[in-house]
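> Give me a model of this one.
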Amino acid sequence: MNLAVPVLLGYVLVAVAALPLITTSVSFLGRPWPAGPLWLVPACVLLVGVVVWLATVLPAGRAYATGG
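Residues are numbered from 1 along each chain as shown. Predicted structure coming up:
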C-alpha cells in the first residue's frame, strides 16, 4: 500500500476536525486561538503524532517478526 494515501487521509481528517474546534473555541473564548505560547500547539501535535506512530509501529513490527 502506498504510504501517501493514509498520510493524506490524516491531513484531511485534521482539516475537517479543525472547523468544529475553531467554532467551539470562538464560542467559549471569543477568539479562535487560546492564549499561550505559539510553539505549544505544534509541539503537542508532534508529540501526539509520535506516540500514535509508535503505538502502531511497535506492535505491528512484533506481529510481523513472530508471524502472528
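> Check the spacing between G10 and V50 real quick.
According to CB to CB, to the nearest Å, G10 stands 14 Å off from V50. Any C-beta I mention is one placed from the backbone N, CA and C, and that applies to glycine too.
> again, but for A15
A15 sits at a distance of 20 Å from V50 (criterion: CB to CB).
> Next: P59.
Distance, P59 to V50, by CB to CB: 15 Å.
> try L13
Per CB to CB, L13 is found 18 Å from V50.
> Could you do S25 as well?
Note on S25: its distance to V50, by CB to CB, is 25 Å.
> Let me see the domain layout of this structure.
Under the assignment automatic domain parsing, the domains of the chain span 1-35, 37-68.
> Check those domains for me: which has the lowest mean pLDDT.
Of all the domains of the chain, the minimum mean pLDDT falls on domain 1-35 (a mean of 75).
> so how far is that domain from its chain's centroid?
In terms of CA atoms, centre = their mean, to the nearest Å, the centre of domain 1-35 is found 9 Å from the chain centre.
> go on, stretch 45-59?
That offset, for stretch 45-59, works out to 9 Å (CA atoms, centre = their mean).
> what's in contact with it?
Stretch 45-59 is contacted by no other residue when judged by CB atoms under 8 Å, 6 or more residues apart in numbering.
> Buried residues in that stretch, which are they?
For stretch 45-59, burial by neighbour count (16 or more other CB atoms under 10 Å) applies to no residue.
> check which helix or strand covers P37.
Under the criterion DSSP states H and E, no helix or strand holds P37.
> Return the distance of it relative to A43.
From P37 across to A43, the span is 9 Å (CB to CB).
> who's more crowded, those two?
Counted by other CB atoms under 10 Å, P37 and A43 do not tie: A43 has more neighbours, with 11 against 7.
> number of nearby residues for S25?
S25: 14 surrounding residues under other CB under 10 Å.
> Tell me the secondary structure at it.
Assigned state for S25: helix (three-state reduction, DSSP: H, G, I helix; E, B strand; the rest coil).
> That one touches A35, doesn't it?
No - in this structure, S25 is not within contact of A35 by CB atoms under 8 Å, at 11.1 Å.
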